[in-house]
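Asks: Turn this into a model:
(chains A and B)
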Amino acid sequence: MSLLPQKFGPYGGQFVPETLIPALQELEKAYLTAQADPAFQAELANLLSTFVGRATPLTFARRMTEFCGGAQIYFKREDLAHSGAHKINNALGQALLAKRMGKQRIIAETGAGQHGVATATVCALLGLECVVYMGTVDMARQQPNVFRMKLLGAEVRGVESGSKTLKDAVNEAIRDWVTHVGDTHYLLGSALGPHPYPTIVRDFQSVIGKELRQQILAVAGRLPDCIVACVGGGSNAIGIFHDFLADEDVQLIGVEAGGLGIAGGQHAARFSDPAIGRPGVLHGAYTYVLQDSDGQIALTHSISAGLDYAAIGPEHTWLRDQERAFYTYATDSEALAAFQQTCRLEGIIPALESSHALAEVLKRAPQMRPEQILVVNISGRGDKDLNTVIEALGA
Amino acid sequence: MTLPIQAIATAFAKGRPAFMPYFSLGFPDYATSLDIIAACAENGADLMELGLPFSDPLADGPTIQHSTQIALQNGITTAQCLQAVKELRQRGVTIPLMLMGYYNPILAFGLENFVHTAAQNGANGLIVPDLPAEEAGELDRITQAYGLGLTYFLSPTSTPERIHLIAQKARGFVYLVSVTGITGARSSVSADLQAFVGRVRAQVQVPLAVGFGISTPEQARTVGELADGVIMGSQLIKLAEHNPNAVSEIGQFVKQVVQALA
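Replies: Residues are numbered from 1 along each chain as shown, chains lettered A, B, ... in the order given. Model prediction:
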């Protein structure tokens, strides 16, 4: 039984142990009833406004526009959403859903810690028990977020298996879910994993693109020519893209983590390295996955923990196949340079994840004409990354 | 000509519950893993599950995770896992051999290529824990074409509709997960198991084997009173860890379990 489409073209699906199938079906049903329930929608809208602080602003990046000398650059300011990133849009929606389903215990995975913080935040707000799985390598590079989660009442469980990063945290969260599926909701943080997660996460994140449409029409009187977003699992990107899929004149650009460069494989650019990036199954979905010739999942590298993941959300793979969206990458050093430029030119400290999108803006905007409009999603703020940046710059 | 899948039914028809140990290929090293599997067969195992290592085994607990990680560090490949079946046959192992592996390495090998090689080398069936019936269409078709079994799972959370679905598709045997959770030892057998097996039995014709969380001969006997087969994995891995006498001790353990099931 399936009520929503299970796949995006051939991608997506439900490649999970049998034990979880009934839970996924229950989630899908609960989501559809909630969507059709005006009371649920009203509660979500109210909290998005009064707790998260939406709508987030659309900021004209005057000095960066002058610096690039091409397109007019606008920032969609998800860094100003409560808890510092777009992650809370989905965390809030799913937590309300869990409450409706009578599930009092929430588990989540986190890479950079932003999804963990968002989940801990909404669990405190709604009085839900919260356990966050996080690779110990990520815990070391995102200490402030670990402390934030604990302050918010969450239990952070370090994951020592495998590469000790995001993919291992997802494995551990799935193992917990399969064990406690009766009373636990797995609050998955990106537009990936088994159906219906890619659809649910996209829908809760699509508020970003809906706001952008109204805001850009109000200030410019027309739609943007190009929208740029970074892509790890791909939730901020699909969130800002989705409302524009039918507007074919709006170019959509996703930016993956190029890490230390494509040659050598030290990156998380699923679409840019045919040597190790090809369709496969990871964490419940058929999509592009970085893997060796034997199908073992590759170890990834990125300066930003939030992009450091071997698979991309299945809808992105489908958008790429259809040539509706285009995907490129920015390396660690390009992202760091864009990070610094944005701090100095605009007075905004962006997350290192978002800095990958900004690196693409710095390449692309100068090639565009002054009447053209380029919007970039500042998916999160960079306070959490200061230690990483200090180390990388040797400052 | 007998198809490989037919030997599975025969292994479940010995007048007592069948014992199906699991062991990870390549742990603690390739040669020892084959010695251990051969010892299981010599000591009365009725079927054997051969674990194909995967970097992200999300249905497995720490014990099996550790074993497959060691196997990968030892450089085991999918081709070598398939070769293991051939070598076991050459050594005179005749019991049904089930290849148990996650979907991505099988997909990377090529579904047809994998099944073809498995059949040619003497395997009897496949068990893929992250491939529910809805996604298994192509592998189901290919395994049927080569006469191999494809094992579906049911769990205590499975609804009557799902049990019905598996009843339509089941070939070989159905793998019942004794508890909601991952592989690994538990202190006791779930009290709900009887009702769960009963629900499945009412609809499913093929033999039912129960796995996950069974670690002692006594637990095997308890489960054997309810089901047609008992699966045990983590306990064998534990016996193999840092143990120079692993082969003989695991052989003895298998003998004890088979006696408990008699």
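Asks: how about A:Arg175, what does it touch?
Replies: For A:Arg175, the contacting residues are B:Leu58, B:Ala59, B:Gly61, B:Gly181, B:Ile182, by C-beta atoms under 8 Å, 6 or more residues apart in numbering or on different chains. C-beta here means a position set from N, CA and C on the backbone, and glycine is covered the same way.
Asks: From A:Arg344, how far off is it?
Replies: In this view, A:Arg175 and A:Arg344 are 45 Å apart by C-beta to C-beta, to the nearest Å.
Asks: residues from the stretch 201-350 of chain A in reach of chain B?
Replies: The stretch 201-350 of chain A comes close to chain B at residues A:Gly280, A:Val281, A:Leu282, A:His283, A:Gly284, A:Val289, A:Gln291, A:Ser293, A:Asp294, A:Gly295, A:Gln296, A:Ile297, as judged by C-beta under 8 Å from any C-beta of the partner chain.
Asks: what about 7 Å?
Replies: A:Gly280, A:Val281, A:Leu282, A:Gln291, A:Ser293, A:Asp294, A:Gly295, A:Gln296, A:Ile297 (C-beta under 7 Å from any C-beta of the partner chain).
Asks: What remains of those if I keep only buried residues?
Replies: A:Gly280, A:Val281, A:Leu282, A:Gln291, A:Asp294, A:Gly295, A:Gln296, A:Ile297 (16 or more other C-beta atoms under 10 Å in any protein chain shown).
Asks: Just name the closest of the residues of the stretch 201-350 of chain A next to chain B to A:Val219, please.
Replies: A:Leu282 (40.4 Å; C-beta to C-beta).
Asks: my guess is the closest one contacts A:Ala311, does it?
Replies: Yes: using C-beta atoms under 7 Å, A:Leu282 is in contact with A:Ala311, at 4.3 Å.
Asks: Which neighbours do the two have in common?
Replies: A:Val289 (C-beta atoms under 7 Å, 6 or more residues apart in numbering or on different chains).
Asks: Now name the helix or strand holding the closest residue to chain B within chain A.
Replies: Distances between chain A and chain B by C-beta to the nearest C-beta are smallest at A:Gly295, namely 2.9 Å. Under the assignment given by DSSP states H and E, A:Gly295 is not contained in any helix or strand.
Asks: which element follows the helix or strand in which B:Ala220 is found toward the C-terminus?
Replies: Secondary structure from DSSP H and E places B:Ala220 in helix B:217-224. Counting by DSSP H and E, the element after helix B:217-224 in chain order, helix or strand, is strand B:229-232.
Asks: Briefly note if that following strand comes near chain A.
Replies: No: shown here: strand B:229-232 not in contact with chain A (C-beta under 7 Å from any C-beta), separated by at least 14.6 Å.
Asks: Quick one: name the residues of chain B near chain A.
Replies: Neighbours of chain A within chain B, by C-beta under 7 Å from any C-beta: B:54-56, B:58-59, B:65, B:72, B:77-78, B:103-105, B:107-109, B:129-132, B:134-135, B:153-155, B:157-159, B:162, B:177, B:180-182.
Asks: Just the buried ones from the residues you listed?
Replies: Of the residues of chain B next to chain A, these count as buried by 16+ other C-beta under 10 Å: B:54-56, B:58-59, B:65, B:72, B:77-78, B:103-105, B:107-109, B:129-132, B:134-135, B:153-155, B:157-158, B:162, B:177, B:180-182.
Asks: In strands, which of those fall?
Replies: If you go by DSSP state E, those have B:Phe153, B:Leu154, B:Val177 in strands.
Asks: rewinding a little: out of the buried ones among the residues of the stretch 201-350 of chain A next to chain B, which one sits closest to A:Ile208?
Replies: Using C-beta to C-beta, these come closest to A:Ile208 at A:Leu282, 25.3 Å.
Asks: which residue is nearest the middle of chain B?
Replies: With distances taken as C-alpha atoms, centre = their mean, the residue of chain B nearest its centroid is B:Glu49 (3.4 Å).
Asks: mean confidence for the helix holding B:Ala220?
Replies: For helix B:217-224, the mean per-residue pLDDT is 96.
Asks: That helix: how far from the chain's middle?
Replies: 17 Å (C-alpha atoms, centre = their mean, to the nearest Å).
Asks: which parts of that helix are buried?
Replies: Under 16+ other C-beta under 10 Å, the buried positions of helix B:217-224 are B:Pro217, B:Gln219, B:Ala220, B:Arg221, B:Thr222, B:Val223, B:Gly224.
Asks: and if you look at stretch A:131-148?
Replies: For stretch A:131-148, using 16+ other C-beta under 10 Å, the buried residues are A:131-135, A:137-139, A:141-142, A:145-146, A:148.
Asks: gap between whichever residue of chain B sits closest to chain A and A:Val281?
Replies: Relative to chain A, the nearest point of chain B is B:Ala108 (2.9 Å; C-beta to the nearest C-beta). Distance of B:Ala108 to A:Val281, computed by C-beta to C-beta: 10 Å.
Asks: Can you name every helix or strand that the helix holding B:Ala220 contacts?
Replies: For helix B:217-224, the elements it packs on are strand B:229-232, helix B:246-261, judged by 3 or more C-beta pairs under 7 Å, 6 or more residues apart in numbering or on different chains; DSSP states H and E.
Asks: Next one: B:Ile36 relative to B:Gln168, how far apart?
Replies: As judged by C-beta to C-beta, B:Ile36 and B:Gln168 stand 36 Å apart.
Asks: Point out where chain B drops to low pLDDT.
Replies: Scanning chain B for pLDDT under 70 picks out B:1.
Asks: how about 80 then?
Replies: B:1, B:185 (pLDDT under 80).
Asks: Chain B: helices as residue ranges?
Replies: B:4-11, B:30-42, B:62-73, B:78-90, B:103-109, B:111-121, B:137-145, B:160-169, B:193-201, B:217-224, B:234-240, B:246-261 (DSSP state H).
Asks: Show me what the fifth one is packed up against.
Replies: In terms of contact count using 3+ C-beta pairs under 7 Å, 6+ apart, helix B:103-109 is assigned the packing partners strand A:277-282.
Asks: ditto for the fourth one
Replies: The criterion is 3+ C-beta pairs under 7 Å, 6+ apart, and the helices and strands that helix B:78-90 contacts are helix B:30-42, helix B:111-121.
Asks: let's go with 6 Å and repeat that
Replies: helix B:111-121 (3 or more C-beta pairs under 6 Å, 6 or more residues apart in numbering or on different chains; DSSP states H and E).
Asks: could you check the angle helix B:137-145 makes with the helix it packs on?
Replies: In terms of direction (axes from the mean of the first three to the mean of the last three C-alpha atoms, to 10 degrees), helix B:111-121 departs from helix B:137-145 by 30 degrees.
Asks: List of residues touching helix B:111-121?
Replies: The contact list for helix B:111-121 (C-beta atoms under 6 Å, 6 or more residues apart in numbering or on different chains) reads B:Leu82, B:Val85, B:Lys86, B:Leu99, B:Ile106, B:Leu139, B:Ile142, B:Thr143, B:Tyr146, B:Leu148.
Asks: Show the buried residues in those residues.
Replies: Among those, those scoring as buried are B:Leu82, B:Val85, B:Leu99, B:Ile106, B:Leu139, B:Ile142, B:Thr143, B:Tyr146, B:Leu148 (criterion: 16+ other C-beta under 10 Å).
Asks: hmm, which two among the buried residues of stretch A:131-148 are most spread apart?
Replies: A:Val131 and A:Arg141 (20.9 Å).
Asks: Surely A:Thr19 is within a strand?
Replies: No: A:Thr19 is assigned helix when assessed by DSSP: H, G, I helix; E, B strand; the rest coil, not a strand.
Asks: contacting residues for the nearest residue to A:Gln14 once chain neighbours are set aside?
Replies: Excluding its sequence neighbours, the residue lying closest to A:Gln14 (C-beta to C-beta, 6 or more residues apart in numbering or on different chains) is A:Pro194, at 4.4 Å. Shown in contact with A:Pro194 (C-beta under 6 Å, 6+ apart): A:Gln14, A:Val16, A:Leu24, A:Gly284.
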